[in-house]
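**Q** A structural model of the following input is requested.
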Amino acid sequence: MVGVGVGILIPVQGLCLDWAKRDAGTVQAPLPLPASRFAHPYSAWLLEEDEDEDEVPRVLGEDSNPSTKTLSKALERYYTKIVERYMTFCSDAGQRDELLRRFAALELSSPSTTCIPSQIQRATTKTTATTSTSASASASPPTSTPPPPSPPPPDPTAQPLSDILPALRKLREGIVASHRADDFATQVYLFAIRLSILVKHPESYHPAILHLLRVLHPRQPLTSVEHAEVAAYLVLDAACRRADLAAAYALRSRHGLRDAKVDAALAALAHDNYVAFRRVRRAVDGHRARLMEFADEEMRGHALKCLGRSYLSVDRPFLERCAGATWELLTARDGVGWELDGEKVVIRRVKGR
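**A** Below is the predicted model:
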């Protein structure tokens, strides 16, 4: 897995591979996890190929009162199978860029109405408005409106990952049903949170974060590093995805989070400073960068509006640096309708008197 840097901590046989330096393109030396995180013997984590993959649902469904030992072993074997499949998925991707592309291709949150791109929202709004106008104007013949853009077909290379996420949910349900609050439960929730953030699926990572902080942490305290990591995810989710800065600052104070990069991200959001926001996003690890992507479109749109109201024309390199995108991408994705004249972008032309 050399060269795959996505900022995820993957637990495998007592080691934690740290790829937080996602821009470096190299894998750092494995960092040993605390011994308490893997107190079980390695023999308990080995899974034979002929094992039933649905053992956890079967144990919970058929036995109304399964023994603690039986359920614990089933949970651990199920988690081992999930980790194996995830490692296979990462190995098949090979390079960092391909792995990030597969994560971006999944993004389970895209079908929801809250995460529809602005272009699709604008197209849907225009279609609805045109249909209403045509229906009200009885004298004019009905006009045909183009249908909204259809979503792209699913990427077959991301299918293994889409199978892993429901399996992680089954595993979390088994942990809740067993009332288990130990190092294993903590490790499962951390793994599920990190993976769900990478695919930008708040329906998975947000309840997992709340359960980890409210239920597991009081009974099995997280380490200071783990608590700061999860609290930072919760704060950035409130600020970037839910666009609630007041809640973000309240969560930051409640959990005693002291993180300079999180503070810089909140300050950039509070001041609508897109340049500072992108600078922070480049400096953080892959998980925080994915959370900050929720606010990227709105921040970029605000920056473009400021440029449009402040300048008659700007140099193309200056515009691309401010927007963090090429001219071709701005016109295709953001619908920028300014005129390109050589290396100068004409925003408005002064009308002669």
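**Q** tell me the secondary structure for P221?
**A** coil (DSSP: H, G, I helix; E, B strand; the rest coil).
**Q** Just give the closest residue to it, not the sequence neighbours.
**A** Spatial nearest neighbour of P221, chain neighbours left out: H227 (7.9 Å); criterion: Cβ to Cβ, 6 or more residues apart in numbering. In short, each C-beta sits where N, CA and C put it, glycine included.
**Q** Does anything pack onto the helix or strand hosting the one you found? Which helices or strands?
**A** Assigned by DSSP states H and E, H227 falls within helix 224-236. Packed against helix 224-236 by the contact rule (3 or more Cβ pairs under 8 Å, 6 or more residues apart in numbering; DSSP states H and E) you find helix 183-198, helix 202-211, helix 245-254, helix 260-270, helix 286-292.
**Q** which ones are touching G337?
**A** By Cβ atoms under 8 Å, 6 or more residues apart in numbering, G337 lies in contact with T331.
**Q** So K261 is in contact with R281, correct?
**A** No. K261 is beyond contact range of R281, at 9.6 Å (criterion: Cβ atoms under 8 Å).
**Q** In terms of neighbours, single out the busier of these two.
**A** Set K261 next to R281 and count neighbours by other Cβ atoms under 10 Å: R281 wins out with 22 against 15.
**Q** Which neighbours do K261 and R281 have in common?
**A** R288.
**Q** So for stretch 272-292, what gets flagged as buried?
**A** Under the neighbour-count criterion of 16 or more other Cβ atoms under 10 Å, stretch 272-292 has 273-274, 276-278, 280-281, 284-292 buried.
**Q** which among those gets closest to D92?
**A** Of all those, G286 has the smallest distance to D92: 18.6 Å, by Cβ to Cβ.
**Q** before we move on, back to that, turn the helices and strands packed on helix 224-236 into a markdown table, columns for mean pLDDT.
**A** Shown next, in a markdown table, are the helices and strands packed on helix 224-236 (pLDDT from 0 to 100):
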| stretch | mean pLDDT |
| --- | --- |
| helix 183-198 | 94 |
| helix 202-211 | 95 |
| helix 245-254 | 97 |
| helix 260-270 | 97 |
| helix 286-292 | 94 |
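**Q** Those helices: which one's closest to H217?
**A** Using Cβ to Cβ, the nearest of the helices and strands packed on helix 224-236 to H217 is helix 183-198, at 8.3 Å.
**Q** got the CA coordinates for the closest one in PDB?
**A** Only the C-alpha atoms of helix 183-198 are listed here, as PDB (Å, rounded to 0.1, in the frame of the first residue of the first chain):
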ATOM      1  CA  ASP A 183     -11.500  -1.400  23.900                       C
ATOM      2  CA  PHE A 184     -12.900  -3.500  21.100                       C
ATOM      3  CA  ALA A 185     -16.100  -1.500  20.900                       C
ATOM      4  CA  THR A 186     -14.100   1.700  21.000                       C
ATOM      5  CA  GLN A 187     -11.900   0.500  18.100                       C
ATOM      6  CA  VAL A 188     -14.900  -0.500  16.000                       C
ATOM      7  CA  TYR A 189     -16.600   2.900  16.400                       C
ATOM      8  CA  LEU A 190     -13.400   4.700  15.600                       C
ATOM      9  CA  PHE A 191     -12.900   2.700  12.500                       C
ATOM     10  CA  ALA A 192     -16.600   3.200  11.400                       C
ATOM     11  CA  ILE A 193     -16.400   7.000  12.000                       C
ATOM     12  CA  ARG A 194     -13.200   7.400  10.000                       C
ATOM     13  CA  LEU A 195     -14.400   5.300   7.100                       C
ATOM     14  CA  SER A 196     -17.800   7.000   7.000                       C
ATOM     15  CA  ILE A 197     -16.200  10.400   7.000                       C
ATOM     16  CA  LEU A 198     -14.100   9.500   4.000                       C
END
